[in-house]
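Chemist: Fold the following for me, if possible:
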Amino acid sequence: MRAPDRTVVALVMAFVVLVAAGFFLPSWAVSLLVVSLARGIVALGLMVQFRSGLVSFGQALFFAVGGYAVGLIALKLRVTDVILLPLVGVAAATLLGVALGFLMRRYREIFFAMLSLGFSMLFYGLLVKTETLGSTDGFNVPTPTVFGLRLSVLATRTLLYDLTVASAVGVALGVHWYLGTILGRLDTALRDNEVRVEYLGYAPARVIHVQYVLGAALAGGAGALTALAVGHIDPSMAYWTTSGELVFVTILSGTGSVIAPFLGSLVFGLIQTFALQYAPSIWQMILGVALLAIILYFPGGLWSALERSRVRA
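Modeler: Prediction:
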C-alpha cells in the first residue's frame with residue numbers, strides 16, 4: 001500500500017487548523033494571515049520560476065492587475081460577489097501573462113529580470129498618470145457581497161479569511177501536482193542545461209511560457225484577495241518595492257516545498273508587524289537585519305533548515 005503524500009497531508013491539516021483558528025484569533029492576526037497567505041500565493045509562482053533559474057522583478061505587475069481588475073469591476077459594473085471577483089483578477093492577470101509570455105520566454109537571467117521590472121514600472125506610471133484609475137491615491141473597493149447579500153463586517157472578514165485559506169491550500173496542492181508532472185520536473189533541467197532539454201524533445205521556451213503564465217495567474221488572484229481584504233488599491237501595488245519584497249520572501253522561504261513560500265511570508269509578516277509596532281522609527285532597519293541574519297544562517301531558505309532538522313531527528 002502506497003504511503004500518503006506528506007505534503008498533501010500537511011496542507012490538509014494546515015487548512016483545518018487555520019479555518020478553526022479563525023474563530024479565535026483577534027482581528028489583527030486574521031488580517032496578518034490574510035495578507036501573508038496572499039503574499040505566499042505570489043511567492044509560490046515565483047518559486048516555480050526560481051527552480052528554473054529565472055527571477056522576475058516585475059511580479060507586482062500581475063499583483064496590481066488583479067487588484068485593479070477587482071476594484072474596477074466592483075466600482076464600475078457593481079459586481080461585488082466575493083466568489084466571482086477573485087476569478088476576475090485571475091483571468092485578467094492570466095490574459096496579460098499569456099500575451100507578455102511570448103516576449104519574456106526569449107530572455108534569461110538578468111535580461112528576464114530587468115524586462116519584467118520594466119513592464120511593472122510602465123504599468124505603475126500608467127496608474128499614477130490616469131485620473132480615472134485614482135491616480136496616486138487609488139480608490140476604495142466596494143464591500144464584497146455573497147450572492148448579492150451584504151454581510152456584517154465580522155461575517156465579511158471571516159468569509160474573506162476562509163476564502164484566502166482555501167485558495168492558498170488549493171493552489172499549493174495544484175502546484176504540488178504540477179511539479180510532479182513531466183513539465184514540472186523540467187524546471188531544474190532548464191536551470192542546468194537547456195540544450196539537453198531540447199535533445200529530450202521539449203521546447204524550453206514553451207515550458208518557461210507556462211511557468212510565466214502560472215506565476216501571473218497566482219499573482220493576479222493574490223492581488224484580488226488583497227484588494228478585497230484591505231478594501232483599497234493604489235499604484236504602490238505595482239511599484240518595484242512590492243516586486244522586491246515578493247522576491248525577498250521567495251529567497252527567504254526556499255524552493256524545497258510548496259509550503260515554504262507561505263512559511264516565509266508569515267515570518268516576514270510577523271517581523272514586519274512587530275518591528276513597526278515597537279520601533280516605528282527604525283522598523284526597516286530591524287526588518288533588514290533580522291532577515292539578513294536568517295539568510296546568512298540558512299542560505300537555502302527557512303525550508304532547508306526544517307529539512308536539516310528532520311534529517312537529524
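Chemist: Next up, the contacts around residue 49.
Modeler: By C-beta atoms under 8 Å, 6 or more residues apart in numbering, the contact list for residue 49 reads 55-56, 211-212, 215. Where you see a C-beta, it was placed from the backbone N, CA and C, and this is true even at glycine.
Chemist: which among these gets closest to residue 84?
Modeler: Nearest to residue 84 among the contacts of residue 49: residue 215, at 22.7 Å, using C-beta to C-beta.
Chemist: before we move on, the earlier item: want to try a markdown table for the contacts of residue 49, with pLDDT, distance to residue 246 and neighbour count as columns?
Modeler: Below are the contacts of residue 49 laid out as a markdown table (pLDDT from 0 to 100; distance: C-beta to C-beta, whole Å; neighbours: other C-beta atoms under 10 Å):
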| residue | pLDDT | distance to residue 246 | neighbour count |
| --- | --- | --- | --- |
| 55 | 89 | 11 | 17 |
| 56 | 90 | 9 | 29 |
| 211 | 93 | 16 | 29 |
| 212 | 94 | 15 | 27 |
| 215 | 94 | 10 | 26 |
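Chemist: quick check, nearest of those to residue 39?
Modeler: The closest of the contacts of residue 49, once distances to residue 39 are taken by C-beta to C-beta, is residue 215, at 13.6 Å.
Chemist: State the helix or strand in which the residue most central in space within the chain lies.
Modeler: By C-alpha atoms, centre = their mean, the chain has its centre lying nearest to residue 42, at 1.2 Å. Per DSSP states H and E, residue 42 falls inside helix 27-51.
Chemist: If you count neighbours, what's buried in that helix?
Modeler: For helix 27-51, the buried set under the neighbour-count rule, 16 or more other C-beta atoms under 10 Å, comprises 30-51.
Chemist: For residue 90, give its distance to residue 223.
Modeler: Note on residue 90: its distance to residue 223, by C-beta to C-beta, to the nearest Å, is 9 Å.
Chemist: Can you check which residues contact both of the two?
Modeler: Residues within reach of residue 90 and of residue 223 at once, by C-beta under 8 Å, 6+ apart, are residue 66.
Chemist: Between those two, which is the more surrounded one?
Modeler: Neighbours were counted for residue 90 and for residue 223 using other C-beta atoms under 10 Å; residue 223 has more, 35 against 24.
Chemist: list the contacts for the nearest residue to that one once chain neighbours are set aside?
Modeler: Residue nearest to residue 223 in three dimensions, not counting chain neighbours: residue 66, with 3.1 Å by C-beta to C-beta, 6 or more residues apart in numbering. For residue 66, the contact set (C-beta under 8 Å, 6+ apart) comprises 89-90, 92-93, 219-224, 227.
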